[in-house]
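**Student:** here's a sequence, model it:
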Amino acid sequence: MNDGTEQSRTWRPGYPVHARLVLSSLQRGPRDPAHRVASDGTVWRASRMATGPVSYRITQLGPSAVRVQAWGPGAGEVVDDLPRLLGADDRPETFTPSHPVLVRAVRELPGYRVPCTGRVVEALVPAVLEQRVIGLDAFDAWRRLVTWHGDPAPGPTPVGMLVPPDAARWREISTWDWHRAGVDPGRQRAARSVLSLAAGLERAAARGERAAVYRALLAVPGIGRWTAAEVGSRALGDADALPLGDYHLPALAGIALGDGHKLPDDAVEEFFEPWRPHRFRVVRLLELAPSVRIPRHGPRLTRQDHRAH
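**Tutor:** Residues are numbered from 1 along each chain as shown. You can find the predicted model right below:
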């Protein structure tokens, strides 16, 4: 493996870009083996590009400058695609909110953009793991499965970083290992079914065919609009990928942008309609902005251990 030769690039886009914020949605829990954030804000990631495994480090050089260093067979691809990864194709300047909460959030987060990894499988598997369970359980399942079946990250990465499996390896994972990771049979079936389409999904994403990716995803039993949006907001750079069905979204939207109360579940889509085609951007701004504080109270999803059955 070509893991010793470093490739690097400094990118100065001429507008603010905050790499840690842009890439924050890619991290699957604080112990994600494929994502680390150093104390100085430097971001380390391990990924599997079309050209092979890669690890890379992104360092913020200033408000409008970042540097990437990459190792492994996929290093050249990461270096070339850095602008797209950090939202160069995003158009936040077309978002002109009038709501004071959003106006303030935009002001607080001038370097936030919607990322575009181009890696559908990398976004898809953890999204399936997060269906209908609390985040802690999904993050734990992702950590276990990547630890058991991932590959060592190339280059001088922090200890313990791993490259997630490719689609073929995900499909080979035994039912027992899915079970040991706490993944119930329904999510196992959904993952296996959609992974059978992985090659076509990745090709469509590479061609920029968002609609084709969404159609293929939504045709798979067990894959709904929430999962498709999770993929779209990460792999496809879709700033409008509203995660309908998200457990926390009705409270987040209603309290921050509505009358201060949680929205009825069936009112969420209509509520977000005025912000199209920036509905995911609105959600992410509310999640990231320091000034937005949503009280955490009321019923929560119950943790479930499917390994006990």
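**Student:** now the longest strand belonging to the chain, how far from the centre of its chain.
**Tutor:** In the chain, with assignment by DSSP state E, the single longest strand is strand 52-62. Offset of strand 52-62 from its chain centre (Cα atoms, centre = their mean, to the nearest Å): 16 Å.
**Student:** list of residues touching that strand?
**Tutor:** 1-3, 10, 18-20, 23, 41-48, 66-75, 77-78, 82, 86, 151, 153-155, 157, 161, 163 (Cβ atoms under 8 Å, 6 or more residues apart in numbering). C-beta coordinates here come from the backbone N, C-alpha and C atoms, glycine included.
**Student:** distance from the chain centre to stretch 257-275, please.
**Tutor:** So, by Cα atoms, centre = their mean, the centroid of stretch 257-275 is 23 Å from its chain's centroid.
**Student:** and Trp226, what does it touch?
**Tutor:** Counting by Cβ under 8 Å, 6+ apart, the residues that Trp226 touches are Ala127, Gln131, Pro243, Leu244, Gly245, Asp246.
**Student:** ok, Arg91 next?
**Tutor:** Ala239.
**Student:** quick one: Arg45 and Pro73, what's the gap?
**Tutor:** Distance, Arg45 to Pro73, using Cβ to Cβ, to the nearest Å: 15 Å.
**Student:** quick one, which of the two is more surrounded?
**Tutor:** Taking neighbours as other Cβ atoms under 10 Å, Arg45 and Pro73 compare with Arg45 leading, 27 against 16.
**Student:** now do the SS call for that one.
**Tutor:** Here Arg45 is strand, with the state taken from DSSP: H, G, I helix; E, B strand; the rest coil.
**Student:** got a pLDDT number for it?
**Tutor:** We have a pLDDT of 98 for Arg45.
**Student:** hang on, it packs against Pro33?
**Tutor:** No. With contact defined as Cβ atoms under 8 Å, Arg45 does not reach Pro33; the gap is 10.6 Å.
**Student:** circling back to that earlier point, what would the contacts of Trp226 look like in TSV with distance to Val114, pLDDT and neighbour count?
**Tutor:** Listed next are the contacts of Trp226 as TSV, based on distance: Cβ to Cβ, whole Å; pLDDT from 0 to 100; neighbours: other Cβ atoms under 10 Å:
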residue	distance to Val114	pLDDT	neighbour count
Ala127	16	97	26
Gln131	22	93	20
Pro243	13	97	21
Leu244	17	96	16
Gly245	20	93	15
Asp246	17	93	17
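**Student:** and which of those is nearest Gly111?
**Tutor:** Pro243 (22.5 Å; Cβ to Cβ).
**Student:** what sits against the closest residue to Ser233 other than its chain neighbours?
**Tutor:** Spatial nearest neighbour of Ser233, excluding adjacent residues (Cβ to Cβ, 6 or more residues apart in numbering): Ala241 at 4.1 Å. By Cβ under 8 Å, 6+ apart, the contact set of Ala241 is Ala228, Ala229, Glu230, Val231, Gly232, Ser233, Arg279, Phe280.
**Student:** pretty sure the first one contacts Ala212?
**Tutor:** No. Ala228 is beyond contact range of Ala212, at 12.0 Å (criterion: Cβ under 8 Å).
**Student:** ok, Tyr214 to Arg12 distance?
**Tutor:** Counting by Cβ to Cβ, the gap from Tyr214 to Arg12 is 34 Å.
**Student:** those two: who's more crowded?
**Tutor:** The neighbour count for Tyr214 versus Arg12, taken as other Cβ under 10 Å, is higher for Tyr214 (19 against 12).
**Student:** Three-state assignment for the more buried one, please.
**Tutor:** Going by three-state DSSP: Tyr214 is helix.
**Student:** the closest residue to it other than its chain neighbours: what secondary structure?
**Tutor:** Distances taken as Cβ to Cβ, 6+ apart place Ala228 nearest to Tyr214, at 5.4 Å, with adjacent residues excluded. When classified by three-state DSSP, Ala228 comes out as helix.
**Student:** any idea how many residues pack against Ala228?
**Tutor:** Based on other Cβ under 10 Å, the number of other residues close to Ala228 is 24.
**Student:** picking up where we left off before, just the CA trace of the longest strand of the chain, in PDB.
**Tutor:** What follows is strand 52-62, C-alpha atoms only, in PDB (Å, rounded to 0.1, in the frame of the first residue of the first chain):
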ATOM      1  CA  GLY A  52      -8.300   3.300  -2.600                       C
ATOM      2  CA  PRO A  53      -7.900   3.800   1.100                       C
ATOM      3  CA  VAL A  54      -6.700   7.200   2.400                       C
ATOM      4  CA  SER A  55      -6.100   9.100   5.600                       C
ATOM      5  CA  TYR A  56      -5.900  12.800   5.600                       C
ATOM      6  CA  ARG A  57      -5.400  15.700   7.900                       C
ATOM      7  CA  ILE A  58      -7.000  19.100   7.300                       C
ATOM      8  CA  THR A  59      -5.500  22.100   9.100                       C
ATOM      9  CA  GLN A  60      -7.100  25.500   9.300                       C
ATOM     10  CA  LEU A  61      -4.600  28.200   8.300                       C
ATOM     11  CA  GLY A  62      -6.900  31.200   8.600                       C
END
